[in-house]
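Trainee: Quick one, structure for this:
(one chain, ligands or ions: 1)
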Amino acid sequence: MINSSVLSVEGLKVRRGGRQVLRGVDFEVQQGSVTGLLGPSGCGKSTLMRAIVGVQIVESGTVSVLGLPAGHPRLRNRVGYSTQNPALYGDLTVTEALRYFASVLKTAKSDVQRVIDEVGLADHANAMVGQLSGGQRSRASLAVALLGKPELLVLDEPTVGLDPVLREELWMLFHSLAARGVTLLVSSHVMDEAARCQRLLLMREGLLLADDTPDGLRTRTDTADVEHAFLKLIKETV
Ligand SMILES: Nc1ncnc2c1ncn2[C@@H]1O[C@H](COP(=O)(O)OP(=O)(O)OP(=O)(O)O)[C@@H](O)[C@H]1O
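Mentor: Residues are numbered from 1 along each chain as shown. Next up is the predicted model:
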């Protein structure tokens, strides 16, 4: 049987600042899917994503990405990551910043224009990164993650601060990438984005409360939307 699991997390525990932030997380993500990672602020979403891209010291457990341990050098061009605090030099233009990352990743120069168009920043291609709005900066960070056509995209709150039209456009982009076989893990604490995902991981205080489809979650909890499903699951676990 072909194993199409792109990401496999087993028994993952992480401590940060003396606190147990992830308390034993297990899940798998299949190729070409859009998985939403949802949960309240501080529940550990960013920490989990950091572990997946290999920049987080873990206490125990395993994270395997495309059959390799997370952070393996051979994953550098195969995994795209965008964070809430993009590490982009403020005194470069969007194009210059992306050219810099394209040269680090050794991707084609033409890729820079492609990713600028994909995230809808063509009108700001020559603007200084330091002068972009929060939403524009997070789109610039997303553009970096798209360079080189990675197989797995780990996107930490990519739609934060965006207006509904841009959010819609980005979700369309995510689904078109998934249709091409790219696997996406997208975090959000906006529950109305959950319905756009094929699969949901609901997280609370360092544990997964649910790993299901939006429909499965609603049926299982007998609720009308994911927000109510989440609240019901929390009540059941306390
Ligand atoms: N650099 C750090 N040092 C110590 N503790 C940290 C650090 N960064 C985060 N934490 C703690 O780890 C826990 C999980 O944080 P994390 O950023 O993973 O949550 P999150 O679910 O992504 O939150 P948000 O939705 O607000 O971004 C929080 O309690 C936070 O205070």
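Trainee: what about Leu177, distance to the ligand?
Mentor: Applying C-beta to the nearest ligand atom, to the nearest Å, the value for Leu177 to the ligand is 22 Å. (Glycine included, C-beta is placed from N, CA and C.)
Trainee: what do you get for Ser60?
Mentor: For Ser60, the distance to the ligand equals 17 Å [C-beta to the nearest ligand atom].
Trainee: Assign a three-state SS to the nearest residue in space to that residue that is not next to it in sequence, would you?
Mentor: Excluding its sequence neighbours, the residue lying closest to Ser60 (C-beta to C-beta, 6 or more residues apart in numbering) is Lys13, at 4.8 Å. Secondary structure, DSSP: H, G, I helix; E, B strand; the rest coil: Lys13 is strand.
Trainee: what pairs with Lys13 across the strands?
Mentor: Applying DSSP bridges to Lys13 gives these bridge partners: Arg23, Ser60.
Trainee: Does it touch Gln56 like I think?
Mentor: No. Using C-beta atoms under 8 Å, Lys13 makes no contact with Gln56, being 11.3 Å away.
Trainee: Could you confirm Val63 falls within a strand?
Mentor: Yes. When three-state DSSP is applied, Val63 is found to be in a strand.
Trainee: and it, how many residues sit next to it?
Mentor: As a burial measure, Val63 scores 20 neighbours (other C-beta atoms under 10 Å).
Trainee: do the one 3 residues further on as well
Mentor: Leu66 has 19 neighbouring residues, counting by other C-beta under 10 Å.
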